[in-house]
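Enquirer: just to be clear, the model below is a prediction. Sequence and coordinates:
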2 protein chains.
Amino acid sequence: MQRARTDQAKDDRREVLLTAALHEFFERGFSAARMDDIAKRAGLSKGTLYLYFDSKEALFTSLIETFALPNVERIETAARAAGGARNAIRAVLALAPNLVRESVVPLIAKILIADAPAFPDIVTAYRKTVIERVLGVFADILKDAHEAGEIDVSDPDLTARLVVAPIMFSAMWRVVFEHDDEAKLDLVKLFALHEKMLLRALWFKEEAA
Amino acid sequence: MQRARTDQAKDDRREVLLTAALHEFFERGFSAARMDDIAKRAGLSKGTLYLYFDSKEALFTSLIETFALPNVERIETAARAAGGARNAIRAVLALAPNLVRESVVPLIAKILIADAPAFPDIVTAYRKTVIERVLGVFADILKDAHEAGEIDVSDPDLTARLVVAPIMFSAMWRVVFEHDDEAKLDLVKLFALHEKMLLRALWFKEEAA
DNA sequence: CCTATATAACTGACTGGTCAGTTATATAGG
DNA sequence: CCTATATAACTGACCAGTCAGTTATATAGG
């Protein structure tokens, strides 16, 4: 086997191992995933895996930390870049189909849901740094629009959750049901509809006109 | 240990074991849950557990089958009993807080999500008998209202998913985050808001008036 | 109503297999 | 030829499933 001697090469190897771990943990869950399989999937041996991570738990923790943030930033930028609440909602819901179908977000979510009771600290950290940050961005935008008299939002935090709920719903749908093709969702249509209904609900006076 | 001699007593024992299994599988996942712990939780020995279920897998299957249907029926009756789409939506969303907070539905959902890849057949069966049945009830109601000219619903199947999404969202929230009290959701307010926004989105012409 | 006998519910020690983590050995690459 | 990296053989803890033995309960027979 070729050796990773430079720092760059080692970082690459770490990443390959983390990606392998992502898929094994996703498919099997923390407990049933085998360190041997993760190493093999990365084209390495178990011994080598232990050169890069101290334990199965350490690997799990690194995994969540590594994959959690990048996609949050994508959402956050899209939301903040668009001017105004209406455009922010549009921008994020336009991103949603790709996020649900192509990104690792649904995989990470599934892994966290599955192993939450075993890793309460990781879950709490994830909620604070990822979930509540995303919800907070939405809530802020809604609040601003409310204060500007543009829309009527009694509770921005709860409204933000209602905006996000279909993303979570379809992420779980993908992860649980889409192993059989019969159950595929049309995500583009789903989020277009969600957008339409949200705009009607929030700007209902103008929309009805 | 007292013995279960009558059929009734045996059924009771089965149920106690299933309830113990529900909680262990929920907390640990299929793989990490121990048959010994399930038995102990039910106040019995592992040997006895094997008198009632052939294997860990058989126990798992029975568990899903036993707990899946009753709550579907609750939703279905509530939806069908209420006359008209508006009342059906109201009736079901009024049920939602209790369903999310008190029923086993979120536990079963979590277990299924966690172990879906290991039990594709169970998952497919669950989708057909539970999920699509519930979604179908909503879709039918929406379609009827649409055909009666009451509301404008281009795609009842997708709309039904948007109605249900916040239930799934808050079920996962409970199951993943509510181990710490800091993260409690106000479900009554959440679903009241969801109802308000749905009514605006669907009957937006009248609501705006 | 008592007691002896039969039965089926129950138990927990044991077995075989699995897998996280360790270590002795091999070798790529400078 | 030296050493950091990689490997695969190894160890021991753990656990699903089994089964020989135990005991609660039913009931036959006095």
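Expert: Perfect, thanks for sending it.
Enquirer: so how many other residues sit close to A:I64?
Expert: Using other C-beta atoms under 10 Å in any protein chain shown, A:I64 has 20 neighbouring residues. (Each C-beta comes from the backbone N, C-alpha and C, glycine too.)
Enquirer: is A:F67 in contact with A:V104, as I believe?
Expert: Yes - counting by C-beta atoms under 8 Å, A:V104 is a contact partner of A:F67 at 5.3 Å.
Enquirer: what do those two both touch?
Expert: Common contact partners of A:F67 and A:V104 (C-beta atoms under 8 Å, 6 or more residues apart in numbering or on different chains): A:L22.
Enquirer: A:H23: neighbouring residues, count only.
Expert: Neighbours of A:H23 (other C-beta under 10 Å): 16.
Enquirer: what's the nearest residue to it if we skip its chain neighbours?
Expert: In space, and not counting its chain neighbours, A:H23 is closest to A:R41: 6.7 Å by C-beta to C-beta, 6 or more residues apart in numbering or on different chains.
Enquirer: what's near enough to touch that neighbour?
Expert: By C-beta under 8 Å, 6+ apart, the contact set of A:R41 is A:20, A:23-24.
Enquirer: return the member of these nearest to DNA strand D.
Expert: Nearest to DNA strand D among the contacts of A:R41: A:A20, at 12.4 Å, using C-beta to the nearest atom of the strand.
Enquirer: for the closest one, phi and psi?
Expert: phi -60, psi -40 (degrees, to the nearest 10).
Enquirer: tell me the one of the contacts of A:R41 nearest DNA strand C?
Expert: Nearest to DNA strand C among the contacts of A:R41, with distances taken as C-beta to the nearest atom of the strand, is A:E24, at 9.3 Å.
Enquirer: do I have it right that the closest one meets A:I38?
Expert: Yes - applying C-beta under 8 Å, one finds A:E24 in contact with A:I38, separated by 4.8 Å.
Enquirer: would you map out the domains in chain A?
Expert: Split into domains by automatic domain parsing, chain A comes to A:1-53, A:67-208.
Enquirer: contacts only, for the residue most central in space within chain A.
Expert: The centroid of chain A falls nearest to A:V105 when counting by C-alpha atoms, centre = their mean (2.9 Å). Contact analysis of A:V105 by C-beta under 8 Å, 6+ apart lists A:71, A:99, A:171.
Enquirer: min pLDDT across these, which one?
Expert: Among the contacts of A:V105, A:N71 has the lowest pLDDT, at 88.
Enquirer: tell me which stretches of chain A form strands.
Expert: With DSSP state E, there are no strands along chain A.
Enquirer: and the helices in it?
Expert: In chain A, the helices defined using DSSP state H lie at A:7-32, A:35-41, A:46-52, A:56-81, A:84-101, A:105-115, A:120-126, A:132-147, A:156-177, A:187-202, A:204-208.
Enquirer: name the residues that touch the third one?
Expert: Think helix A:46-52. Applying C-beta under 8 Å, 6+ apart, the contact partners of helix A:46-52 are A:1, A:10, A:13-14, A:17, A:35-36, A:38-39, A:42, A:59.
Enquirer: which of the residues you listed sit farthest apart?
Expert: Comparing all pairs in the contacts of helix A:46-52 by C-beta to C-beta, the longest separation belongs to A:K10 and A:D36, at 21.3 Å.
Enquirer: chain center to stretch A:2-14, what's the gap?
Expert: From the chain centre to the centre of stretch A:2-14 is a distance of 28 Å (C-alpha atoms, centre = their mean, to the nearest Å).
Enquirer: how about it: buried residues?
Expert: Within stretch A:2-14, the residues that count as buried by 16 or more other C-beta atoms under 10 Å in any protein chain shown are A:4, A:13-14.
Enquirer: hmm, back to that, give me whichever of the domains of chain A is most buried.
Expert: Highest mean neighbour count of the domains of chain A: domain A:67-208, a mean of 18 (counted as mean count of other C-beta atoms under 10 Å in any protein chain shown).
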